[in-house]
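Undergrad: Structure for this input, please:
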Amino acid sequence: MPTEVRQHLFYETSHSPSLAELVGYEKAKDIIDFCFIANPYYPTPEMLRNLQENFPNLIKSYPSSSPLTSQKDLAAVLHVNPDHLIIGNGATELIVLINTTLIDRIAVPVPTFGEYIEKLKDQRDAELFFLKPEQNYQLSLPEYLAWVRRRGLKALLIINPGNPTGQLFSLAEMCEFLERAKDMELVIVDESFIDFADDAIPSLLPLAERFSNLLLVRSMSKHCGVPGLRLGYCYSSNLFVLNRMRQFIPTWNINTVAQYFLSMLLPTDGAYHEARKRLIADVRWLYSALQSIPEIEVYPTGANFVLFRIKGGVTAVELQARLLTEHHMYVRDCSNKIGMDNFHIRVASQGREKDARLVDALRQILCRSAS
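TA: This is a model prediction of the structure:
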């Protein structure tokens with residue numbers, strides 16, 4: 001039976017509405033969510049049972065008023081200095097802090113994650129570096145840095161792997177770029193998807209002490225699979241930058257359930273990496289399977305999602321609607337991303353079985369439209 005969708009919600013946000021908003025909490029349980037990017041294998045079932053058992057006590061308790069406890073819990077699995085961490089109520093809270101406390105003007109390659117533009121004090125403070133459709137929206141780091149200098153900018157953003165493209169820069173490429181960009185006052189590198197780039201994570205975290213202008217941003221919604229807990233963090237060797245942000249972080253910005261989850265990270269670190277590597281294999285399978293559909297062009301990815309372009313005239317809006325109403329699958333229409341056309345869809349892997357069902361549904365819709 002076709003799913004009734006509250007279509008007007010798509011026009012009220014630059015992000016994608018949640019499934020519960022679109023179809024209601026009950027119907028949302030029957031829909032496979034390929035839109036919101038989250039690890040399907042973590043937290044483990046045992047962790048979820050632990051959270052459920054402790055939930056009545058957790059919601060009746062205040063979280064700690066000292067952020068250091070949670071910083072130490074997170075630092076233990078990241079192998080970094082806890083004093084150089086800021087944990088936020090999702091990465092979006094931290095992006096707002098960055099934009100309002102650190103940024104006057106900033107270079108932003110587009111298309112990208114919209115919060116980096118929308119949450120500036122004035123959106124005109126973002127100088128947009130438009131990526132070219134004919135080059136599959138791929139970012140050239142040398143061209144970008146040259147453009148930044150020509151514009152007289154001292155702050156810039158890179159998302160690695162890119163969102164929505166999935167484009168991945170190697171650790172060597174990023175280090176070379178940062179060496180060349182030492183004259184910049186602030187280099188923001190969002191690594192929210194870096195844990196899915198390879199079995200060995202090519203993150204800048206272990207090298208952050210080398211670059212005083214580097215500020216790393218990461219969303220735990222993605223790699224830990226807990227978007228509902230709203231957890232993200234920043235890391236930098238520059239305490240002046242971090243302390244400017246800390247001035248404006250509210251006490252108790254992290255809720256008790258989220259703090260308890262952070263305390264579970266170290267005992268389950270092995271399970272986390274197993275889950276991460278399993279998802280990497282799933283994404284590689286999904287990428288290969290999508291490539292077998294002649295009606296789409298699939299972009300290489302270093303993230304836990306895949307971006308593709310529809311070739312046959314069907315728009316992303318139309319394909320998203322048909323997948324949702326006819327197949328009970330929710331995908332990300334990227335049409336509302338600045339600088340991107342109306343034919344791109346992003347899909348996040350939800351495990352091999354569900355991914356296979358998505359590929360079959362795409363074949364049914366697109367092959368029928370092409371015939």
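
Undergrad: Next, the contact list for the residue positioned nearest the centre of the chain, please.
TA: Against the mean C-alpha coordinate of the chain, by C-alpha atoms, centre = their mean, the closest residue is S192 at 4.9 Å. By C-beta atoms under 8 Å, 6 or more residues apart in numbering, the contact list for S192 reads A91, I159, N163, V217, R218, S219, S221, K222, H223, G232. C-beta coordinates here come from the backbone N, C-alpha and C atoms, glycine included.

Undergrad: out of those residues, which are inside helices?
TA: Among those, DSSP state H puts A91, S221, K222, H223 in helices.

Undergrad: Quick check: the third one vs F196, distance?
TA: The reference is to K222. Distance of K222 to F196, computed by C-beta to C-beta, to the nearest Å: 8 Å.

Undergrad: shared neighbours, these two?
TA: With C-beta under 8 Å, 6+ apart as the test, K222 and F196 both reach N304.

Undergrad: Any quick PyMOL command for the buried ones out of the contacts of S192?
TA: The following PyMOL line selects those of these that are buried, judged by 16 or more other C-beta atoms under 10 Å:
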select buried, resi 91+159+163+217+218+219+221+222+223+232
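
Undergrad: Relative to the whole chain's centre, how far out is stretch 140-147?
TA: For stretch 140-147, the separation from the chain centroid amounts to 23 Å (computed by C-alpha atoms, centre = their mean, to the nearest Å).

Undergrad: Send me that stretch as CSV with only the CA atoms.
TA: C-alpha atoms of stretch 140-147 as CSV (Å, rounded to 0.1, in the frame of the first residue of the first chain):
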residue,chain,number,x,y,z
SER,A,140,41.1,20.2,-6.3
LEU,A,141,43.0,21.2,-3.1
PRO,A,142,45.7,23.3,-5.0
GLU,A,143,43.1,25.2,-7.0
TYR,A,144,41.0,25.8,-3.9
LEU,A,145,44.0,27.2,-1.9
ALA,A,146,45.0,29.5,-4.8
TRP,A,147,41.4,30.8,-5.0
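
Undergrad: which stretches of this structure aren't confidently modelled?
TA: 1-15, 369-371 (pLDDT under 70).

Undergrad: try 90
TA: Counting by pLDDT under 90, the chain contains low-confidence ranges at 1-29, 36-38, 114-115, 119-125, 312-313, 367-371.

Undergrad: now the longest helix along it, how far from the centre of its chain.
TA: Taking DSSP H as the criterion, the chain has its longest helix at helix 269-291. Relative to its chain's centre, helix 269-291 lies at 16 Å (C-alpha atoms, centre = their mean).

Undergrad: In contact with S16: list those residues for me.
TA: Counting by C-beta under 8 Å, 6+ apart, S16 touches F10, C35, F36, Y330, R332, D333.

Undergrad: one more time with 6 Å, if that's ok
TA: C35, R332 (C-beta atoms under 6 Å, 6 or more residues apart in numbering).

Undergrad: Helices along the stretch 151-300 of the chain, start to end?
TA: 171-180, 220-224, 239-246, 256-263, 269-291 (DSSP state H, counting those that start in this stretch).

Undergrad: residues in contact with the longest one?
TA: Spelled out, that is helix 269-291. 39, 41-42, 44, 77, 195-196, 199, 298, 304, 306, 308, 349, 352, 355, 359.

Undergrad: again with stretch 225-235
TA: Contact partners of stretch 225-235, identified using C-beta under 6 Å, 6+ apart, comprise 38-39, 42, 84-91, 94, 208, 216-221, 258, 261.

Undergrad: Okay, buried residues for it please.
TA: Those would be G225, V226, P227, L229, R230, L231, G232, Y233, C234, Y235, for stretch 225-235 by 16+ other C-beta under 10 Å.

Undergrad: And for stretch 273-281?
TA: Result for stretch 273-281 [16+ other C-beta under 10 Å]: buried residues A275, R276, L279, I280.

Undergrad: and the residues you listed as a markdown table, adding distance to R244?
TA: Listed next are these as a markdown table, based on distance: C-beta to C-beta, whole Å:
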| residue | distance to R244 |
| --- | --- |
| A275 | 35 |
| R276 | 32 |
| L279 | 35 |
| I280 | 36 |
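
Undergrad: so which pair among those residues is furthest apart in space?
TA: A275 and I280 (9.9 Å; C-beta to C-beta).

Undergrad: how much space between L74 and N89?
TA: According to C-beta to C-beta, L74 and N89 sit 14 Å apart.

Undergrad: now swap in E295 and tell me
TA: 41 Å.

Undergrad: Also A275?
TA: 24 Å.

Undergrad: Check Q167 too.
TA: Applying C-beta to C-beta, the value for Q167 to N89 is 28 Å.

Undergrad: And these two? Which one has more around it.
TA: Per other C-beta atoms under 10 Å, whichever of Q167 and N89 has more neighbours is Q167, with 22 against 19.

Undergrad: if you skip the residues just before and after it, what's nearest to the more buried one?
TA: Q138 (5.6 Å; C-beta to C-beta, 6 or more residues apart in numbering).

Undergrad: Just give me the neighbour total for that neighbour.
TA: Neighbours of Q138 using other C-beta under 10 Å come to 13.

Undergrad: what's the answer for the one 5 residues further on, then?
TA: A count of neighbours around E143, defined by other C-beta under 10 Å, yields 10.

Undergrad: And for Q350?
TA: With other C-beta under 10 Å as criterion, Q350 counts 22.

Undergrad: Verify the stated contact: it with N39.
TA: No. Using C-beta atoms under 6 Å, Q350 makes no contact with N39, being 10.0 Å away.
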